[in-house]
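> sequence first, predicted coordinates after that:
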Amino acid sequence: MPIYEYVCPEGHKRFEKLSSMDKGERARCPTCGESSHRAISMFSARVAVGASSAPVAGAAGCACGDGCC
């Protein structure tokens, strides 16, 4: 199950919740109980390279993959 980030409409605080993908885009704020919207969050991807792992090419911000950014 993925961990989703939500934003409370009352205090504008973010919280995370582990939930299945079919649960919808709302969750109750653990502090006040208000129905909160799912937020867009960043994720990190890594690929295995030999015995170690390295960041995905282009993950520094440039879409070209050269690491120019």
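It's in. Numbering: from 1, shown residues only.
> the helix or strand where His37 lies pairs with which strands, parallel or anti?
For His37, the host element (DSSP states H and E) is strand 35-38. Take DSSP bridges as the rule and strand 35-38 pairs in its sheet with strand 3-7 (antiparallel), strand 26-28 (antiparallel).
> least trustworthy helix or strand in the chain by mean pLDDT?
strand 52-55 (a mean of 54; mean pLDDT, DSSP states H and E).
> my read is His12 is in a helix, agree?
No. Note on His12: no helix contains this position according to DSSP: H, G, I helix; E, B strand; the rest coil, which reports coil.
> quick check on it: phi, psi?
Here the main-chain torsion angles of His12 (degrees, to the nearest 10) amount to phi 50, psi 30.
> identify the residues contacting it.
For His12, the set of contacting residues under the criterion of Cβ atoms under 8 Å, 6 or more residues apart in numbering is empty. To be clear about C-beta, it is placed using only N, CA and C from the backbone, and glycine gets the same treatment.
> got the buried residues for stretch 18-26?
Neighbour-count burial for stretch 18-26 flags no residue at all (criterion: 16 or more other Cβ atoms under 10 Å).
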